[in-house]
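In: This is a predicted model, with the sequence first.
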Amino acid sequence: MPARVLVVDDSAVVRQALAQILGRAGLAVATANDPLIAMEKMRRERPDAIVLDIEMPRMDGLTFLRKLMAEDPIPVVVCSGLAGPGTEVALRALEEGAVDLVEKPRLGVKDFLEGSAGRLVHVVRAAVLARVRRRPSAPPLVQKLSADAVLPARPAARGAGDRIVVVGASTGGTEALRVLLGAMPPDAPGIAVVQHMPPVFTAQFAARLDRTCRIEVKEAAQGDRLGPGRALVAPGDRHLALRRAGDGYFVDVLDGPPVSLHRPSVNVLFRSAAQAAGGNAAGVILTGMGDDGADGLAELRAAGARTFAQDEASCVVFGMPKEAIARGAVEEVLPLPRIAPALLHWSRGPRPRESITP
């Protein structure tokens, strides 16, 4: 049986174009011209995913998204002229639970949608596979490269240094990171984060976290120091790597090809942490689709680092953690609320053990 997709948009042109594009891809498509009609259709037949506009009569898309995630969570792709990079609406949509965003132009929308058919189908198919949960009231097909394309392999560093944490996340990660970083006290170890997110969104995402967390959260810039009480988020479309100078850690913001189909790549960050910190690092892989981070987490574990994965029950998409577990990279699989306490317990415990042979 084909996956069922509900397109919710007040433009008849957009509804028709999306129905044709998704229908040609083998999806079963229904349409609604506003959220109230959508809710009525959903009572009769529950869709597997929703493609949602923002500006609509009777109820706007963000209100509908919030209501949906609180009452009957379904994967949602926001497709709107307001969902451009860096916009407040785009970030709010991600925070409310949208699994992805597609920006559509105000003019020439039908031609744009036809020209972007491949990406639209990829994004919607990914959304169908996503798992979303009740809340309180994808990349181009290119050669899949390893971290070697950006950061050559070399032995882990030895000796004393601060404890650091590296975190990788993708689909569902914005909420997971809010929970994880929000639980960190001001003296928490330094944290470097890769969240798969379009360019420009990361600065606003980091700024929002900074306003609600007890630690400092900022978008990483070249040469920033990673130290206690600070989290650095990889900029969109740039790799993030750690390097060690004396007993301190600094970040490099790097160009280079996508690794594991992503830039920034979790594998690049994790490899750099294995090399720079070894057993002074802890790696965490959170909710997300695909396998980015699985190999890097294995390198971290081999270097003597502690490694954690979010459990299936608390993931939106149990892809990246599942792959890391399957490759023997994970020491502990924990529900999301238990990861921060585990990291703090580790950071205050005995000094690291020696590295192990992978």
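Out: Ah, there it is.
In: Run through the bridge partners of the residue nearest to residue 331 when sequence neighbours are not counted.
Out: Closest residue in space to residue 331, ignoring its immediate chain neighbours: residue 307 at 4.9 Å, by CB to CB, 6 or more residues apart in numbering. All C-beta spots, glycine's among them, are computed from the backbone N, C-alpha and C. Taking DSSP bridges as the rule, residue 307 bridges to residue 283.
In: Give me the pLDDT value at residue 307.
Out: Looking at residue 307, its pLDDT is 98.
In: Secondary structure class of residue 253, three-state.
Out: Following DSSP: H, G, I helix; E, B strand; the rest coil, the label given to residue 253 is strand.
In: pretty sure it is touching residue 233, no?
Out: No - between residue 253 and residue 233 there is no contact, the gap being 11.1 Å when judged by CB atoms under 8 Å.
In: which one of those two has more residues nearby?
Out: Each of residue 253 and residue 233 has its neighbours counted (other CB atoms under 10 Å); residue 233 has more, 27 against 18.
In: where does that one land on pLDDT?
Out: The model's pLDDT for residue 233 equals 98.
In: List phi and psi for it.
Out: Phi and psi for residue 233, reported as degrees, to the nearest 10, are phi -100, psi 130.
In: So it is in contact with residue 202, correct?
Out: Yes - if you go by CB under 8 Å, residue 233 and residue 202 touch, sitting 5.5 Å apart.
In: residue ranges for the helices of the stretch 1-150 of the chain, please.
Out: In the stretch 1-150 of the chain, the helices defined using DSSP state H, counting those that start in this stretch lie at 12-24, 35-44, 61-71, 88-96, 109-115, 117-129.
In: pLDDT of the shortest one, averaged?
Out: Mean per-residue pLDDT for helix 109-115: 76.
In: Remind me what that helix packs against, helices and strands.
Out: Applying 3 or more CB pairs under 8 Å, 6 or more residues apart in numbering; DSSP states H and E, we find helix 109-115 packed against helix 12-24.
In: what does the helix it packs on rub up against?
Out: Contacting residues not belonging to helix 12-24 are listed as 5, 7, 9, 29, 31, 33, 51, 53, 79, 104, 109-110, 113-114, 117, 120-121, 124 [CB atoms under 8 Å, 6 or more residues apart in numbering].
In: any idea of the angle that helix forms with helix 117-129?
Out: 70 degrees (axes from the mean of the first three to the mean of the last three CA atoms, to 10 degrees).
In: got any ranges where the stretch 1-150 of the chain has weak pLDDT?
Out: 83-86, 106-107, 133-147, 149 (pLDDT under 70).
In: please redo it, this time with the cut-off set to 80
Out: 57-58, 82-89, 104-115, 131-150 (pLDDT under 80).
In: re the thing from before, what about burial for the contacts of helix 12-24, which qualify?
Out: Buried subset of the contacts of helix 12-24 (neighbour count, 16 or more other CB atoms under 10 Å): 5, 7, 9, 29, 31, 33, 51, 53, 79, 104, 109, 113, 117, 120-121, 124.
In: quick one: residue 291 and residue 319 touch, right?
Out: Yes - counting by CB under 8 Å, residue 291 touches residue 319, with 7.1 Å between them.
In: Between those two, tell me which one has more neighbours.
Out: residue 319 (24 against 19).
In: what residues are up against the closest residue to the more buried one other than its chain neighbours?
Out: Residue nearest to residue 319 in three dimensions, not counting chain neighbours: residue 289, with 4.3 Å by CB to CB, 6+ apart. Shown in contact with residue 289 (CB under 8 Å, 6+ apart): 126, 129, 130, 138, 170, 171, 317, 319, 320.
In: Tell me the one among those residues nearest to residue 262.
Out: residue 170 (7.9 Å; CB to CB).
In: burial measure for the closest residue to residue 132 other than its chain neighbours, as a count.
Out: Nearest in space to residue 132, with sequence neighbours left out and distances taken as CB to CB, 6+ apart, is residue 73 at 4.1 Å. Neighbourhood size, residue 73 [other CB under 10 Å]: 16.
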